[in-house]
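Asks: Show me the folded form of this:
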Amino acid sequence: MEQKKIIILGSTGSIGTQTLDLVRENPARFHVVALTCRRSVDLLLEQIEEFKPEAVAVYGEEERARVLSHYPKLTVLTGEDGLVEIASMEADLVLNALMGISGLAPTERALRTGKDLALANKETLVTGGALITKLALDNGLKILPVDSEHSAIFQCLEGNAHRRVKRILLTASGGPFRGYSLEELEKVTLKQALDHPNWSMGSKITIDSATMMNKGLEVIEAKWLFDLSPDQIDIAVHPESIIHSMVEYEDTSVLAQLGLPDMRIPIGLALAYPERLPYAGKSLDLFEVGSLHFERPNPEVFDCINLAYEALREGKSYAAFLNGANEELVALFLQDRIPFLAIQRTLRALMEEYRPVNVHTVDEILAVDREARVRVKERVLE
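Replies: Numbering: from 1, shown residues only. This next block holds a predicted model:
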């Protein structure tokens, strides 16, 4: 079996470390070409020692110096340019597990240089969906979703003609504040918002789950991944997180993908596609689970859902602006500088006054992102 050469962008985060767990368990199948991290240099050094990549990228010169002090002959790149250069290296697959819009430019470069993409960075498609999907199509490349929900839809579509899809149902755990009223959300703390009931994730995505913006972003991502209209994408709150998403076909048959909430399953599928990796983790026991429950989301409380659908329907640069503003507001909340509900309330105010533009390139999208962040700071901090 020929080894698949892979590049991991964001190797020290939750998705990156679980990816390397799978590489470790399947050494004959995968060879790590390159790794990147932002500031977690200690962990990166351990990964370099074990997986011996040809190159790495880190945040800045201080981090670069630390890596070179241990591995003086290793190619060590820095910053956004370093990420893009890493994505240009020869490989079969780039797994993008970067956080936020920082994943957009490396994704574009990976596709332009002929590599399939395993995508855990939803912001790439939220902000640049038209650009990225066209690049993949024009170059005959695959975008393999790593998010559990989109991986589930991908699996349910396998072997079925895409034109027969009536709708998809994106499942959502509901986050830590499922069932809360607006009055109750006024009082939530940062510690409560970071306490997700089912999944272990990075802090930014955990806050997005608490506001339900994560699900809104996944709606936008699903539109681009599966060529759907907003009216074909529904959200179903499913607190057990056993059904990861569903597809309803035109004959009203519904296919669902089930499994325990374990990201190694969708990661493994993206790495090994079209094959599946054997996995020694616990199997789903439906008798132990007992019952599954479903609710409609409450957009009157979680306005981020409405904002995502509105951005998708309006098109142009709306989604890129929404994403940038949300990233900036979540960062402020994580610094304890704004209350929880200020995230969605500020987003609503900004989106109502924003005038969108057409965007066709990475540079144009990044300009919209910068504008959104400036608007947030002007409104919140001045």
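Asks: from here on, contacts and neighbour counts on C-alpha atoms
Replies: OK.
Asks: Nearest residue to Thr252 in space, please, no chain neighbours.
Replies: Once flanking residues are discounted, Thr252 sits nearest to Lys166: 7.6 Å by Cα to Cα, 6 or more residues apart in numbering.
Asks: and that neighbour, backbone torsions?
Replies: phi -90, psi -50 (degrees, to the nearest 10).
Asks: Could you tell me how many residues sit around it?
Replies: Lys166 has 18 neighbours, counted by other Cα atoms under 10 Å.
Asks: How about the one 10 residues further on?
Replies: Other residues near Pro176 number 20, with proximity taken as other Cα under 10 Å.
Asks: Return the residues in contact with the residue nearest to Thr252.
Replies: 232, 247-250, 252 (Cα atoms under 8 Å, 6 or more residues apart in numbering).
Asks: Next: Lys204.
Replies: 327, 330-331.
Asks: for the stretch 1-150 of the chain, what spans make up the strands?
Replies: For the stretch 1-150 of the chain, applying DSSP state E, counting those that start in this stretch gives strands covering 4-9, 30-36, 55-58, 75-78, 93-96, 116-119, 143-145.
Asks: ranking the ones you listed by burial, who's on top?
Replies: Comparing the strands of the stretch 1-150 of the chain on average neighbours per residue, with mean count of other Cα atoms under 10 Å, the densest one is strand 93-96 at a mean of 28.
Asks: List of residues touching that strand?
Replies: With Cα under 8 Å, 6+ apart as the test, strand 93-96 has contacts from 4-10, 87, 103, 107, 110, 115-121, 271.
Asks: how does it look with 7 Å?
Replies: 5-10, 87, 103, 110, 115-121 (Cα atoms under 7 Å, 6 or more residues apart in numbering).
Asks: Specify the local secondary structure of the residue nearest to Gln232 when sequence neighbours are not counted.
Replies: Nearest residue to Gln232 in three dimensions, chain neighbours excluded: Arg167, at 4.2 Å (Cα to Cα, 6+ apart). Counting by DSSP: H, G, I helix; E, B strand; the rest coil, the backbone at Arg167 sits in strand.
Asks: who touches Arg167 in this structure?
Replies: Applying Cα under 7 Å, 6+ apart, the residues near Arg167 are 232-233, 247-249.
Asks: residue boundaries of the strands in the stretch 251-382 of the chain?
Replies: Here the stretch 251-382 of the chain has its strands, by DSSP E, counting those that start in this stretch, at 254-258.
Asks: Look up how far Gln257 lies from the nearest residue to Thr12 once chain neighbours are set aside.
Replies: In space, and not counting its chain neighbours, Thr12 is closest to Cys37: 5.9 Å by Cα to Cα, 6+ apart. Relative to Gln257, Cys37 is positioned 32 Å away (Cα to Cα, to the nearest Å).
Asks: if you count what's nearby, which of those two comes out ahead?
Replies: Neighbour count, other Cα under 10 Å: between Cys37 and Gln257, Cys37 has more, with 24 against 18.
Asks: Settle this for me: the more buried one is touching Gly60, isn't it.
Replies: No - applying Cα atoms under 7 Å, one finds Cys37 not in contact with Gly60, separated by 10.4 Å.
Asks: Identify, from the contacts of Lys204, the entry nearest to Gly129.
Replies: Using Cα to Cα, Glu327 comes nearest to Gly129 of the contacts of Lys204, at 17.7 Å.
Asks: still on that earlier bit, could you dump the contacts of Lys204 into CSV with neighbour count, pLDDT and distance to Gly179 added?
Replies: Listed next are these as CSV, based on neighbours: other Cα atoms under 10 Å; pLDDT from 0 to 100; distance: Cα to Cα, whole Å:
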residue, neighbour count, pLDDT, distance to Gly179
Glu327, 24, 96, 25
Val330, 23, 97, 21
Ala331, 17, 96, 25
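Asks: Where does pLDDT dip in the stretch 101-250 of the chain?
Replies: 162, 198-201 (pLDDT under 70).
Asks: one more time with 80, if that's ok
Replies: Low-confidence segments of the stretch 101-250 of the chain, defined by pLDDT under 80: 161-163, 196-202.
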